[in-house]
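Engineer: Turn this into a structure:
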Amino acid sequence: MRVLVTGGAGYIGSHTLIELRAQGHEVFVVDSFDNSSPEVLARVSELTQATVPFAEVDIRDRAALGDVMAAFRPDAVIHFAGLKAVGESSVIPLRYYDVNISGTLSLLDAMDKVGCKRIVFSSSATVYGLPQYLPFDEDHPCAPTNVYGQTKHMAEQVLRDWAAATPEASAVLLRYFNPVGAHVSARLGEDPSDIPNNLMPFVAQVAVGRREKLSVFGDDYDTPDGTGVRDYIHVSDLARAHTAALRFANGSIGAEAINVGTGQGYSVLEMVEAFARASGRDIPFEIVARRPGDIARSLAAPDKANKLLNWHAEKTLDDMCASTWAWQSQNPNGFREEG
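Structural biologist: Prediction:
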């Protein structure tokens, strides 16, 4: 298939490009490089031994995006492009709505103009909000508690309405839990441009000496050790879920929300211990106040992905930590060293 990948130079997008290429798909990347680097695509080209064609385009630029679509004529789109920091979203909400919602509208309009009717969307478990029960399944009510989650939920609704109104259209809404880890080559990994918002890259930066210590937000939750429990999934497993979703979209009609997680939860302190074991380094940390909006536990019910996509997570916690450490220790400054 000819697959257009928006945000393909990002953390999850770049790993998905590797999987797409491995399965023989023809790819084209659209990325503004606001929070990524062209060096990422150079490394994907190196790993796949084939140049990754791309255009530096903001998906809100309808004219430029339309030109790319008309030239490439994709059979399907995988849509990663967007802003994703929960805390930042409450500080600059209008920018989040503009990029995440207006960008999706622009993309669907461009797809309509070339008759492209298949899309896999990068959504998030944040659409669920506070758990009424766990693990979260796809029937759990959606009530996001932050702006980022709201934009993902709204974009999902836009895609549902588009799929319902567009004959033969298919939209797969992948609700990620907590992606971590890095490519087995250690050439690709998560490289936040500022202070990491997520646990694993922060722990990795402490281990490599870029940061002094980790702040653990709260140790009084109703969990075995008092720290928050999350469902972590290796980014390579997540990348495989996208190619599986692409196959599913190619043979289905309508919109389908699907969780992508493992169903296994680990606490913050368990993650710190596992990373210390993988890296052979101490991870200094201090307990600080809870963050507003954080919940005690978040776990996926992955049964729907197992059944509909014939997909199962394969990587272990040790795989997640070992690959992250290999990436961070070999690229202490991320992509900026060679970018």
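Engineer: Downstream of the helix or strand of the chain with the lowest mean pLDDT, the next helix or strand is which one?
Structural biologist: Lowest on mean pLDDT, DSSP states H and E among the helices and strands of the chain sits helix 86-91, with a mean of 88. Per DSSP states H and E, the first helix or strand lying C-terminal to helix 86-91 is helix 93-97.
Engineer: What are the boundaries of the helices in this structure?
Structural biologist: Ranges of helices in the chain, per DSSP state H, are 11-22, 38-48, 62-72, 86-91, 93-97, 103-114, 147-165, 199-207, 235-250, 268-279, 303-308, 317-330.
Engineer: Quick one: closest of those helices to Gln132.
Structural biologist: helix 147-165 (15.4 Å; CB to CB). Placement of C-beta: from N, CA and C, glycine included.
Engineer: any idea of the angle the closest one forms with helix 103-114?
Structural biologist: 20 degrees (axes from the mean of the first three to the mean of the last three CA atoms, to 10 degrees).
Engineer: how much space between Phe54 and Arg230?
Structural biologist: 32 Å (CB to CB, to the nearest Å).
Engineer: Straight-line length of stretch 199-215, end to end?
Structural biologist: End-to-end distance of stretch 199-215 (CA to CA, to the nearest Å): 9 Å.
Engineer: picking up where we left off before, redo the helices of the chain as a markdown table? Include mean neighbour count.
Structural biologist: Below are the helices of the chain laid out as a markdown table (neighbours: other CB atoms under 10 Å):
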| stretch | mean neighbour count |
| --- | --- |
| helix 11-22 | 24 |
| helix 38-48 | 20 |
| helix 62-72 | 16 |
| helix 86-91 | 16 |
| helix 93-97 | 15 |
| helix 103-114 | 20 |
| helix 147-165 | 20 |
| helix 199-207 | 24 |
| helix 235-250 | 23 |
| helix 268-279 | 20 |
| helix 303-308 | 16 |
| helix 317-330 | 21 |
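Engineer: so which of those helices gets nearest Val127?
Structural biologist: Of all those, helix 147-165 comes closest under CB to CB, at 4.5 Å.
Engineer: Please state the offset of the closest one from the chain centre?
Structural biologist: Put simply, helix 147-165 sits 16 Å off its chain's centre (CA atoms, centre = their mean, to the nearest Å).
Engineer: just to revisit the earlier point, what is the least confident helix or strand of the chain packed up against?
Structural biologist: helix 147-165 (3 or more CB pairs under 8 Å, 6 or more residues apart in numbering; DSSP states H and E).
Engineer: Provide the contact partners of the helix it packs on at residue level.
Structural biologist: 82-86, 89-90, 93, 96-97, 100-101, 104-105, 108, 119, 121, 123-124, 126-127, 129, 142, 144, 169-171, 173, 253-255, 257 (CB atoms under 8 Å, 6 or more residues apart in numbering).
Engineer: Turn the buried ones among those into a named PyMOL selection, would you?
Structural biologist: With 16 or more other CB atoms under 10 Å as the criterion, this PyMOL line picks the buried residues out of the contacts of helix 147-165:
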select buried, resi 82+83+84+85+86+89+96+97+100+101+104+108+119+121+123+124+126+127+129+142+144+169+170+171+173+255+257
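Engineer: From one end of stretch 140-153 to the other, what's the distance?
Structural biologist: 13 Å.
Engineer: Could you do stretch 204-217 as well?
Structural biologist: Note: stretch 204-217 ends 17 Å apart using CA to CA.
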